[in-house]
Structure formats: structure tokens, C-alpha cells
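Asks: Compute the structure for the input listed below.
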Amino acid sequence: MKETLRPMPQTNRLHWIDAARGAAILGIFMVNAPSFGSPYYMPGFDSPEWDSPLDTFLLGGIDIFFQASFYTLFSILFGFGMQLIFDSRKRDGIKPGWFLSRRMIVLLGLGAVHAFLIWYGDILFTYAILGLLLIPFLYTPRWVLLTMIPVLLLPVVLLFTVLYLAASMFEEGMEEMLVSLNDIPSKIAAYSNGTYIDILQQNLADWSMNGVGGIILNVFLLLPLLMLGAYLARVKLFHDPVSNRRKLIWFTVITGFLFLVFKAGPYLIGAPYWLSIVQDSIGGPACALFYLSLITLVSNLPVFSWIARQLSYVGRMSLSNYLFQSVLMFVLFYNIGFGLYAEFSLLGFVCFVVGVFILQVMMSRIWFRYFTFGPIEWLWRILTYGKIQPLRKKNEQRVS
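Replies: Numbers count the residues shown, from 1 in each chain. Down below sits the predicted model:
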């Protein structure tokens, strides 16, 4: 008998999880914007162009509070969401693995369009592959999920140990090597002055620098974070902030301490390059979990509840907002549009990100007055279910 796909209801959303997802979109944007619009942004190294005291302060702030923190947060939430969908589809009598596989294949297509036609820094393509790898583990007991996290991380620990030894021995030459690999003149020529074909060729070259190797590394680096998210969804620590308040407070204190030690601590000794590995691999996930638990704790408090609600609008249509940012930057920075590549100061990028994100909050809030899903989320559902899905809210469902 052929299984019939039925759309999932959009009730009982955890708005603090949506808020955390919205915060992740802001944090990813803060790192992506200078990476997208300038060849001078090189995390962990002094920029050849951004060397004023203000630039140093901003680079340090981005490194401590944003770099490797928000894509890890989004990875955890991605696994969290997959577990919720898995459980919901299973309750509905739908084969959850089959359903999630369809979702990931559609996401793989969207990621390929984004990666090869818009920006080489795409993460959707990688998430789709990691999502497919996560599906079998969603059938296992939760202790298996928890056990697989350190098993997968072991090769990364060994790799980072080798990188640490190499970086500590040759740190002075690391910056010159990175600048050479970054190939600033070629990027400026293609993105700032080239045709669309030149842009695509340079985009493919930049993607190829990581390419398959980057995806393989992310199997050991990001897949454990997806597993952690799935585990957190199973234990339901974040489902009821009121009942779990004491546990969440301890969770916030511990992850906050790890965040300060491993993310901000290296700046006390000059933030050497070899410690950036520790910052990203330990400090990044600790910071992500700190943000997640803190947002969950304060999401129902006065003032903070309003902020969380605004973030939740962005989070509910995170895919649309993520792609909107890329399309906007493509038009703004590349020669096919306004050609402002390598023209912004670092402060200009920070102001740009804040301004655009505020606009996205307002746009998302207005959108959800009339529609149930974001536009790309709606397309994702159509391609997953294989038929047109309702988008516009009924009159009685509209809220201000």
C-alpha cells in the first residue's frame, strides 16, 4: 500500500528555539558578510587592510562572540529539528527516515544552487549530506547518539593536534601562506570587475579549496553537533524552560564558563594562531550551547520575551532569510550588481549586517501576518510533499 504524505501541523512551536535559530542567522550573517564582500577578512590573522585600533577591536569581538559560534548553534538546532520531525512523522504513521531523506535531497538541490551560482561559502549543501548521514542514528537509542559524538570527534582531535604542532613550529609563515592561498588579486579581479562567468569561475575555484575535503572534515566536525542537537531534543531539556529552570541555569553557567575560557581566554596571551583551533573546536560549541540555554531561560522574561519574539520570526523562516542575505550581498558586492566588493570597511560591514537584520526582523514579522511559512520553506515543502501546499493564512489565523 502506498504511503500518503500528510503535511505536518504548525502548532506547538517552541518559540525560544525559533528565537535561537533567528539569533544564529544574525551571527552567521556577521561572519559571512565580510567573507562575502571582501578578501581581507581572514579569521585568526591580522588583515592586510583592516589594521586600525577600531578594526582590531571589531575583529576580536567578531572572533570571540561570532566566529565558529553561530554555525555550530545552527548545526545543533538542525539536528534538534530533525529529531522533532522524525518523532512527529513516526507518530503520524509516516516512515520518518523516508520523509527526512526527501527533505534532505531537496535541501541538497537548494544548496547546490546557492553554492555554485551565488556563493562558495554555502552551508546548505553540507547540511543536506550530514542530515542524510544523521537519519540512521535517529532510529538508535539515545545513548548510541551520545556515544557516537566522541567517536566521531576523535579523528578531529588527532588532526587538530597535528595542526597545533605545525602551527606552533611555523606560525610566522602561516599568515603569508594564508594570504597566498586567499589569492586577493584574483578575487578582486573576478568579483569586483569580472563578468558573471568570471564570478562563477572564481566562485568554483574558491569552493574547490575546501570542496570534498571540507565536506569530509565536516562529517567529523559538524555531524557530532547534529547528533548533540538530536540528543537534546530527545531528553527534552529545552522543551519546558519553567520545569527545567534549575537544570538550564547550571547548563548556562557551565557552558558560559567554557565559553569564557576557550573563546575569550586566548586573547589574554595574544590569541596565537594555534589556539584558534581550540577556540573554534571547543569554545565555538560551548558558546553555541551557552547562547541556546541563555535564550531559552530569558525568552519568557519581561523585555527579553519581546526580543525573543522578534528573533523567532526570523528563525521561523531561517532558510529564506539566509538565502536573502546571500542574494542581497551578491547584488551589492559583485560586479554583476553594484560592484562594491572590497570597498567596505569592517565597521561598514558591521553596520550593514545590523541594518539588514533589523529589516529582516520587520519583513519576517509582516510576512507571518499573512502567511504560514517563509517563501523558500514553502518551496521546500512543495518539493518534499510533491504537491502544492497552502501558504496564505485564513483570516481567523492572522495575528498582528
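Asks: which residue is nearest the centroid of the chain?
Replies: In the chain, the C-alpha nearest the mean C-alpha coordinate belongs to residue 71, at 3.1 Å (Cα atoms, centre = their mean).
Asks: what's the distance between it and residue 287?
Replies: 11 Å (Cβ to Cβ, to the nearest Å). Glycine gets a C-beta too; all of them are placed from N, C-alpha and C.
Asks: do the same with residue 110
Replies: 28 Å.
Asks: The two: who's more crowded?
Replies: residue 287 (30 against 19; other Cβ atoms under 10 Å).
Asks: Can you tell me the SS state at that one?
Replies: Put simply, residue 287 is helix when judged by DSSP: H, G, I helix; E, B strand; the rest coil.
Asks: doesn't residue 63 make contact with it?
Replies: No - counting by Cβ atoms under 8 Å, residue 287 does not reach residue 63; the two are 11.0 Å apart.
Asks: Which parts of the protein are strands?
Replies: With DSSP state E as the criterion, the chain has no strands.
Asks: where does it have low pLDDT?
Replies: Along the chain, segments meeting pLDDT under 70 span 1-11, 44-46, 163-182, 271-274, 395-400.
Asks: Let me see the contact set for residue 140.
Replies: By Cβ atoms under 8 Å, 6 or more residues apart in numbering, the contact set of residue 140 is empty.
Asks: And it, how far from residue 146?
Replies: According to Cβ to Cβ, residue 140 and residue 146 sit 10 Å apart.
Asks: just so I have it, where are all the helices in the stretch 51-200 of the chain?
Replies: Secondary structure of the stretch 51-200 of the chain (DSSP state H, counting those that start in this stretch): helices at 53-65, 70-91, 96-117, 124-134, 142-182, 184-187, 193, 196-221.
Asks: Distance to residue 344 added to those helices, as TSV?
Replies: Shown next, in TSV, are the helices of the stretch 51-200 of the chain (distance: least, Cβ to Cβ, whole Å):
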stretch	distance to residue 344
helix 53-65	12
helix 70-91	20
helix 96-117	22
helix 124-134	25
helix 142-182	17
helix 184-187	14
helix 193	16
helix 196-221	18
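Asks: Among those helices, which comes closest to residue 327?
Replies: Between residue 327 and these, the shortest separation by Cβ to Cβ is 9.2 Å, and it involves helix 96-117.
Asks: Show me what counts as buried in that closest one.
Replies: Residues of helix 96-117 classed as buried: 96-97, 99-100, 103-104, 106-108, 110-111, 114-115 (neighbour count, 16 or more other Cβ atoms under 10 Å).
Asks: from these, which single one is nearest residue 348?
Replies: Using Cβ to Cβ, residue 114 comes nearest to residue 348 of these, at 24.3 Å.
Asks: Give me the nearest residue to the closest one, chain neighbours excluded.
Replies: Nearest residue to residue 114 in three dimensions, chain neighbours excluded: residue 122, at 4.4 Å (Cβ to Cβ, 6 or more residues apart in numbering).
Asks: burial measure for the one you found, as a count.
Replies: Residue 122: 23 neighbours (other Cβ under 10 Å).
Asks: residue ranges for the helices of the stretch 301-400 of the chain, please.
Replies: Counting by DSSP H, counting those that start in this stretch, the helices of the stretch 301-400 of the chain are 304-316, 318-333, 346-370, 375-385.
Asks: re earlier: mind listing what the residue nearest to the centre of the chain touches?
Replies: With Cβ under 8 Å, 6+ apart, residue 71 has these contacts: 24, 27, 28, 31, 123.
Asks: 7 Å - rerun?
Replies: For residue 71, the contact set (Cβ atoms under 7 Å, 6 or more residues apart in numbering) comprises 28, 123.
Asks: Check residue 97 too.
Replies: residue 135.
Asks: thinking again about what came up before, residue 188 is nearest to which of the helices of the stretch 301-400 of the chain?
Replies: Of all the helices of the stretch 301-400 of the chain, it is helix 318-333 that lies closest to residue 188, at 11.1 Å by Cβ to Cβ.
Asks: Residue 84 touches residue 234, doesn't it?
Replies: No - the pair residue 84 / residue 234 is not scored as a contact, 9.8 Å apart, by Cβ atoms under 7 Å.
Asks: how far away is residue 144 from residue 231?
Replies: For residue 144, the distance to residue 231 - Cβ to Cβ - is 10 Å.
Asks: my bad, should have said residue 109
Replies: Going from residue 109 to residue 231 by Cβ to Cβ gives 28 Å.
Asks: swap in residue 250?
Replies: Applying Cβ to Cβ, the value for residue 250 to residue 231 is 17 Å.
Asks: quick one: which of these two has more around it?
Replies: residue 231 (22 against 11).
Asks: Can you report how many residues lie near residue 185?
Replies: Neighbour tally, residue 185, other Cβ under 10 Å: 9.
Asks: Return the residues in contact with it.
Replies: Residue 185 touches nothing, counting by Cβ under 7 Å, 6+ apart.
Asks: swap in residue 134?
Replies: For residue 134, the contacting residues are 79, 82, 223, 226, 227, 230, by Cβ under 7 Å, 6+ apart.
Asks: Thank you, goodbye.
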